[in-house]
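Visitor: okay, sequence plus prediction incoming.
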Amino acid sequence: MYYDIHTHNITQQQSDTISVFNIYTDFEKIPADFFTAGLHPWYINAATVNNEMLQLEQLLANPQLLAVGECGLDKITATNWQLQTEVFTQQINLASAYKKTLIIHCVKAFTETLAMLKAVKTPVIFHGINNKLSIVQPVIKAGHYLSFGKTLLQPNPAIIEIFLATPLTQLFLETDDTAADIKDVYKYAAKIRNIDEKEIVLQLEENFNKVFHARY
């Protein structure tokens, strides 16, 4: 199976592919397939956040919901920083209480994000990796998972360096907001690492089963 662990595009599931759709608004519109849900730091609204948090908690009882997120911290968005940290803390607590994986959005806030995740016992996936190795190395060292997507299709030297430095046991792949085919992401991932594509397919299937505690 091919696993696209983070996508914003609803597509018809293929027999050999599992795509995990992400929702960050309109929590009453639940996808038919596996999904994740969370309050993205770009879209937090002080006037509606309390109601959205209640909606999110109600969703956590749905077995189709695999993770909380994407959620996290972003230093270049206009959202108030204190509000971001408060909402992120609430989502960390929800993930811990319901034993759900966390999908992390992090922009220029790795130190703060890692500090807030220090006591988290559930699996953590940093999605959309597009940074220098020196910035993300602490994420690898902390044992968290890293998910790569469109940057692998046209990689620069920095992305190649960090991708090669990420252990396969801590790796996921995604399409995020692109129209890319997840199978192409796998193909390029195997090419960059100079290994057989099947090796990545099998390892990421193992990672998926481990992180989400079940075989689908």
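Guide: Nice, I can see it.

Visitor: helix/strand/coil for I192?
Guide: helix (DSSP: H, G, I helix; E, B strand; the rest coil).

Visitor: secondary structure element for Q137?
Guide: In this assignment (DSSP states H and E), Q137 forms part of helix 133-141.

Visitor: which strands or helices does that helix pack on?
Guide: helix 110-116, strand 145-148, helix 157-165 (3 or more C-beta pairs under 8 Å, 6 or more residues apart in numbering; DSSP states H and E). Backbone N, C-alpha and C define where each C-beta goes, glycine included.

Visitor: which stretches in the chain count as strands?
Guide: With DSSP state E as the criterion, the chain has strands at 2-7, 17-23, 35-37, 65-74, 101-107, 124-126, 145-148, 171-173.

Visitor: in CSV: those, plus mean neighbour count, mean pLDDT and distance to T48.
Guide: Supplementary listing: the strands of the chain in CSV, determined by neighbours: other C-beta atoms under 10 Å; pLDDT from 0 to 100; distance: least, C-beta to C-beta, whole Å:
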stretch, mean neighbour count, mean pLDDT, distance to T48
strand 2-7, 24, 96, 24
strand 17-23, 20, 93, 15
strand 35-37, 26, 96, 15
strand 65-74, 25, 97, 16
strand 101-107, 25, 97, 19
strand 124-126, 25, 98, 26
strand 145-148, 24, 98, 28
strand 171-173, 22, 98, 30
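
Visitor: need the winner for burial among the helices and strands packed on helix 133-141.
Guide: strand 145-148 (a mean of 24; mean count of other C-beta atoms under 10 Å).

Visitor: and the helix holding Q137, average pLDDT?
Guide: Averaging pLDDT along helix 133-141 gives 96.

Visitor: returning to what we had before: right, so of the helices and strands packed on helix 133-141, which gets closest to I135?
Guide: Proximity to I135, assessed across the helices and strands packed on helix 133-141 by C-beta to C-beta, is greatest for helix 110-116 (5.8 Å).
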